[in-house]
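Undergrad: Sharing a model prediction with you, sequence too.
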Amino acid sequence: MMETVTLANGVKMPILGFGVYQVTDLAECEKVVSEAIEVGYRSIDTAQIYGNEEAVGAAIKKSGMPREDFFITTKVWISNAGYEKAKASIEESLKKLQTEYIDLLLIHQPFNDYYGTYRAMEEYYKAGKLKAIGVSNFYPDRFIDLSEFAEVVPHVNQVETHVFNQQIEPQKIMKEYGTQIESWGPFAEGKNDFFTNETLAAIGEKYQKSIAQVALRYLIQRGVVVIPKTINKDRMIQNFDVFDFSLTAEDMTTILALDQKESLFFSHYAPERVKLLASLGK
Ligand SMILES: NC(=O)c1ccc[n+]([C@@H]2O[C@H](COP(=O)([O-])OP(=O)(O)OC[C@H]3O[C@@H](n4cnc5c(N)ncnc54)[C@H](OP(=O)(O)O)[C@@H]3O)[C@@H](O)[C@H]2O)c1
């Protein structure tokens, strides 16, 4: 059985799932999700803006397994922000995913009228069409703001989290509010020579595990939900095989020292980046 975390509302979420960002070809996406299901993944992370919700829905349908066996996450894009638009957007995601409910719906980015979006999400949550709701890319300031004023405190906040940007302080703040941290980019998409990192390689050697496996194990032991992405079946198997070893307290301290405490992608505070994201959301 896959290890789970229990969200503030009692919903159980697998601690390891499968991400499908940048798998834009629908046939390919359906194929890799089907393979991931064969390997044992039951939690799939997609988003409207990835353009592959229908492929995820199709792969799940084709598996022939009961819907309740799966945990599906999708996200509302900036262009669908606001109460009315978000409601239509949720309906569209439900349709594309061929499902009666979504396990976790996130606001993808902290821009535009996300309060309106969130109110629509709260409504669908109360109606049982969303089993849990949350946010993504909300840094502590916006996360606290929404958590203080929303009726339902976000169950999850999905943020860039990997060994080079560990989110130690933000995770503490999320915990104060009972919010589960979820990592995107657990391998930093390979940035900063991630896949040849000597510290992780040396630790992996002790356990006959790869750099990728050590990095996932580290986050899992910190209580962070992970959703690594790969289109390669051998890597799907590898990334799934992280529950038969444990890092020691010393290993954990060694990896903690890799933290640079900043994004390897971009800051959601950077004015030029905010302008760019806003332009993509119109
Ligand atoms: N909320 C957000 O704003 C946001 C942003 C980014 C990502 N996400 C979510 O988080 C998921 C994961 O993040 P990500 O896809 O950006 O990056 P990631 O999982 O950190 O890295 C994926 C990259 O690592 C490679 N890889 C995977 N497993 C490997 C292994 N065992 N050994 C060597 N290379 C390996 C993959 O290549 P191959 O595919 O060629 O194997 C791919 O290039 C996404 O798919 C998406 O669902 C969310």
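TA: Received it, and whenever you're ready, just let me know what you need. In this text the structure is predicted, and so the values were computed from the model without any measurement.

Undergrad: what ranges do the helices span in the stretch 51-200 of the chain?
TA: Assigned by DSSP state H, counting those that start in this stretch, the stretch 51-200 of the chain shows helices spanning 53-63, 83-96, 114-126, 140-149, 168-176, 198-207.

Undergrad: so residue 242 makes contact with residue 215?
TA: No: counting by CB atoms under 8 Å, residue 242 does not reach residue 215; the two are 9.3 Å apart. The way it works is simple: take the backbone N, C-alpha and C, and place the C-beta from them, glycine included.

Undergrad: Give me the common contacts of those two.
TA: Counting by CB atoms under 8 Å, 6 or more residues apart in numbering, no residue touches both residue 242 and residue 215.

Undergrad: of the two, who's got more company?
TA: Neighbours were counted for residue 242 and for residue 215 using other CB atoms under 10 Å; residue 215 has more, 30 against 24.

Undergrad: Which residue comes closest to the more buried one once chain neighbours are left out?
TA: residue 163 (5.6 Å; CB to CB, 6 or more residues apart in numbering).

Undergrad: tell me the contacts of that neighbour?
TA: 188, 194, 197, 200, 215, 218, 255, 258, 259.

Undergrad: would you turn these into a markdown table with pLDDT and distance to the ligand?
TA: As requested, these are arranged in a markdown table below (pLDDT from 0 to 100; distance: CB to the nearest ligand atom, whole Å):
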| residue | pLDDT | distance to the ligand |
| --- | --- | --- |
| 188 | 98 | 6 |
| 194 | 98 | 8 |
| 197 | 98 | 12 |
| 200 | 98 | 11 |
| 215 | 98 | 9 |
| 218 | 98 | 13 |
| 255 | 98 | 16 |
| 258 | 98 | 15 |
| 259 | 98 | 16 |
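
Undergrad: As JSON lines, those with distance to residue 81 would be great.
TA: Shown next, in JSON lines, are the contacts of residue 163 (distance: CB to CB, whole Å):
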{"residue": "188", "distance to residue 81": "28"}
{"residue": "194", "distance to residue 81": "33"}
{"residue": "197", "distance to residue 81": "38"}
{"residue": "200", "distance to residue 81": "38"}
{"residue": "215", "distance to residue 81": "33"}
{"residue": "218", "distance to residue 81": "34"}
{"residue": "255", "distance to residue 81": "37"}
{"residue": "258", "distance to residue 81": "35"}
{"residue": "259", "distance to residue 81": "32"}
